[in-house]
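A.B. asks: Got a predicted structure plus its sequence, pasted below:
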Amino acid sequence: MRWDGAALAYVIDKITEIGGLPAPDWANRTMVRVPAAGLGLLALLEAQTGHEWVLTLRFYSLGKKFRLDDLVRSLNLFPFAESSPPVPSDLPRVDLENHGGIQEITVTVHTLADVQTAGFNAFLAALLGVDPAGKPAGSWSDAKKRLDELVKKTKKKRGS
């Protein structure tokens, strides 16, 4: 395994901090699942851990809360080929599919730095319906405004 296990630990810890969900299921050696009891879904997160170079985080959400272009902008993940050193993967960093009334959001990562960002934390908060401090959130438009503000801050820090 060449992806950073701290990335998975960080995501699980953030979800657990918010609370109210069943404990993660670590029983399968190639997938960690966070059940979504009470959210009307089978799982909130399925983390596919079997790939040597990348960790695939597959999140599920009811309704159509997210737009792909907003997620790509707010998560601000560069293609793996631009990593230093380059990661041998051509998988998209962020993807979104709509399956009826369920959205499947896939985020593919390699290091802790990919998820330990304000943009990723805001995504998790919007996914779980809380603000980044763990309090119940307002509307999706409120969460989107927060995401947009975080994108602007991130761009200023990166000089874009």
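C.D. replies: Done, it's in.

A.B. asks: only C-alpha atoms for contact and neighbour calcs from this point on.
C.D. replies: Noted.

A.B. asks: Identify the bridge partners of the closest residue to P24 other than its chain neighbours.
C.D. replies: In this structure, P24 finds its nearest non-sequential neighbour in V34, 4.4 Å apart by Cα to Cα, 6 or more residues apart in numbering. Listed beta-bridge partners, V34: L45 (assigned using DSSP bridges).

A.B. asks: how many neighbours does V34 have?
C.D. replies: 22 (other Cα atoms under 10 Å).

A.B. asks: ok, now L57?
C.D. replies: 21.

A.B. asks: swap in E82?
C.D. replies: Counted with other Cα under 10 Å, the burial measure for E82 works out to 10 neighbours.

A.B. asks: Kindly provide the distance from A23 to D95.
C.D. replies: 26 Å (Cα to Cα, to the nearest Å).

A.B. asks: In terms of neighbours, single out the busier of those two.
C.D. replies: D95 (17 against 14).

A.B. asks: Does that one touch L75 like I think?
C.D. replies: No: using Cα atoms under 8 Å as the test, D95 is too far from L75 to be in contact (11.3 Å).

A.B. asks: Okay, strands next: where are they in this protein?
C.D. replies: 25-28, 31-35, 43-48, 55-62, 94-99, 102-109 (DSSP state E).

A.B. asks: Quick one: these as TSV, columns for distance to L8 and mean pLDDT too.
C.D. replies: TSV is the format used below for those (distance: least, Cα to Cα, whole Å; pLDDT from 0 to 100):
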stretch	distance to L8	mean pLDDT
strand 25-28	12	94
strand 31-35	9	94
strand 43-48	8	96
strand 55-62	8	96
strand 94-99	16	96
strand 102-109	9	96
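
A.B. asks: and A118, how many neighbours does it have?
C.D. replies: A118 has 17 nearby residues by other Cα under 10 Å.

A.B. asks: And it, what's its pLDDT?
C.D. replies: As predicted, A118 sits at a pLDDT of 93.

A.B. asks: For it, give its distance to L21.
C.D. replies: 22 Å.

A.B. asks: do R29 as well
C.D. replies: Look at R29 and L21: by Cα to Cα, they are 21 Å apart.

A.B. asks: same thing with N98?
C.D. replies: Where L21 is concerned, N98 sits at a distance of 23 Å (Cα to Cα).

A.B. asks: just I15 next, same as before
C.D. replies: For I15 relative to L21 (Cα to Cα), the value is 8 Å.

A.B. asks: okay, the two: which has more neighbours?
C.D. replies: For I15 versus L21, the count of surrounding residues by other Cα under 10 Å is larger for I15: 21 against 17.
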